[in-house]
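**Student:** what would the 3D arrangement of this be:
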Amino acid sequence: MLLEDLRRQVVETGRKMVEYGLVAGTWGNISARDAQTGYFALTPSGMDYLQLAAEDIVIIDPEGHTVDGQRKPSSEIRLHVAIYRHRPDIMAIVHTHSVYGSTCACAGKAIPPLVEDLVQIAGGSVDIAPYALPGTDGVAANAVKALAGKFAVLLENHGAVGVGENLADAFTVCQLLEKSAQIYLFSQLIGGAKILPADDVKVMHQFYKDQYGQR
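**Tutor:** Prediction:
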C-alpha cells in the first residue's frame, strides 16, 4: 500500500478516535504498516487530531528511525516498533486513553471474556501489561508480552491498545474494548460478570478469523 494512503488513513482514524471519545486532548497514538517495505505511518507527538494533515504523519522504518516527515513522532514509538517486530500479522495499532478501558487498567483488572463481539475479534480476555514509565522500552516489552497472540491489551495506569490486520479492525477492537470494559464494570455492580466458556471463546474467535463478514 502506498505510504501516502497510510498517512490519510491514520489522519481519518485520529478524527474518529476523537469523535468516539476514545481520547482527550492530544494523547494516544495511531500507526499503520506498509506490507512491502515494513515502514509504518505514525502520528506526531502532541498535535490535535482534528488539525492533523497527511503531511504531519511521520514515516518510520522497522528500527524506529524517521525516514520521511518533518514532525517529531509520537513518544510511544517504541511501543509500535516492538509490536510490529514481534507480530508480523499486525498491520495497524491504535492506542487510546478511553475512560472505561483506562479504569480497568488503573485498577489492574483484565477485561474477562464476557461479551461475544469482543472475544470474536480480540481473541479472549484483554490482559494487563504491568506498569512502566510511558514512552520507554519497558512499556513496549510489557505490552508485547501481555498481548501475546491476542488483539488487545491494557497498559496498567495508562490506557488501552487495539491491533489488527488494518486500521479499521484495530479501531473496532478499541471500540469493543471500551464497550466491554463498561459492561464489565456495570456487571460487577449487579452481582458479577458471567464469563464465557474457554472452548466457546476459541470457537468464536476462529469463526471471526475464518468466516465472519464478506470473506
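**Student:** list the contacts of residue 34.
**Tutor:** Contact analysis of residue 34 by C-beta atoms under 8 Å, 6 or more residues apart in numbering lists 1-3, 6, 40-41. C-beta here means a position set from N, CA and C on the backbone, and glycine is covered the same way.
**Student:** quick one: it from residue 147, how far?
**Tutor:** Separation of residue 34 from residue 147 (C-beta to C-beta, to the nearest Å) stands at 21 Å.
**Student:** about what we covered before: from the contacts of residue 34, which ones fall inside helices?
**Tutor:** 3, 6 (DSSP state H).
**Student:** looking at the contacts of residue 34, which is nearest residue 125?
**Tutor:** Using C-beta to C-beta, residue 40 comes nearest to residue 125 of those, at 27.0 Å.
**Student:** the residue sitting nearest the centre point of the chain and residue 191, how far apart?
**Tutor:** Central residue of the chain (C-alpha atoms, centre = their mean): residue 162, 2.1 Å from the mean position. According to C-beta to C-beta, residue 162 and residue 191 sit 29 Å apart.
**Student:** circling back: which SSE is the residue nearest to the centre of the chain in?
**Tutor:** strand 159-164 (DSSP states H and E).
**Student:** remind me, longest helix of the protein?
**Tutor:** Max-length helix for the chain by DSSP H is helix 167-189.
**Student:** ok but residue 84 is inside a strand, no?
**Tutor:** No: looking at residue 84 with DSSP: H, G, I helix; E, B strand; the rest coil, it is helix, so not inside a strand.
**Student:** check contacts around residue 108.
**Tutor:** Per C-beta under 8 Å, 6+ apart, neighbours of residue 108: 128, 156.
**Student:** tell me the pLDDT at the residue of the chain positioned farthest from its centre?
**Tutor:** Going by C-alpha atoms, centre = their mean, the residue of the chain most distant from its centre is residue 191, 29.9 Å out. In this model, residue 191 is scored at 93, pLDDT.
**Student:** three-state assignment of it?
**Tutor:** Using three-state DSSP, the secondary structure recorded for residue 191 is coil.
**Student:** how about low-confidence regions in this structure?
**Tutor:** 1, 213-215 (pLDDT under 70).
**Student:** so where do the helices sit in it?
**Tutor:** 3-19, 77-86, 99-107, 116-122, 137-147, 167-189, 198-210.
**Student:** run through who's touching the longest helix of the chain.
**Tutor:** Residues from elsewhere that reach helix 167-189 (C-beta under 8 Å, 6+ apart): 9-10, 13, 16-17, 20, 22, 30, 32, 92-94, 96, 98-101, 103-104, 111-112, 114-115, 117-118, 121-122, 126, 151-152, 160, 162-164, 193-194.
**Student:** repeat that for stretch 198-215.
**Tutor:** Counting contacts by C-beta under 8 Å, 6+ apart, the residues touching stretch 198-215 from outside are 113, 116, 119-124, 196.
**Student:** only C-alpha atoms, please: export it in CSV.
**Tutor:** Extracted C-alpha coordinates of stretch 198-215, given in CSV (Å, rounded to 0.1, in the frame of the first residue of the first chain):
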residue,chain,number,x,y,z
ALA,A,198,-13.0,-21.0,27.2
ASP,A,199,-13.9,-23.5,24.5
ASP,A,200,-16.6,-21.2,23.2
VAL,A,201,-14.2,-18.3,23.1
LYS,A,202,-11.8,-20.3,20.9
VAL,A,203,-14.7,-21.3,18.6
MET,A,204,-16.0,-17.7,18.2
HIS,A,205,-12.5,-16.2,17.6
GLN,A,206,-11.8,-18.8,15.0
PHE,A,207,-15.1,-18.2,13.3
TYR,A,208,-14.4,-14.4,13.2
LYS,A,209,-11.0,-15.0,11.6
ASP,A,210,-12.2,-17.6,9.0
GLN,A,211,-15.8,-16.9,8.3
TYR,A,212,-17.2,-13.6,9.7
GLY,A,213,-18.3,-10.9,7.2
GLN,A,214,-17.8,-10.9,3.5
ARG,A,215,-14.7,-13.2,3.3
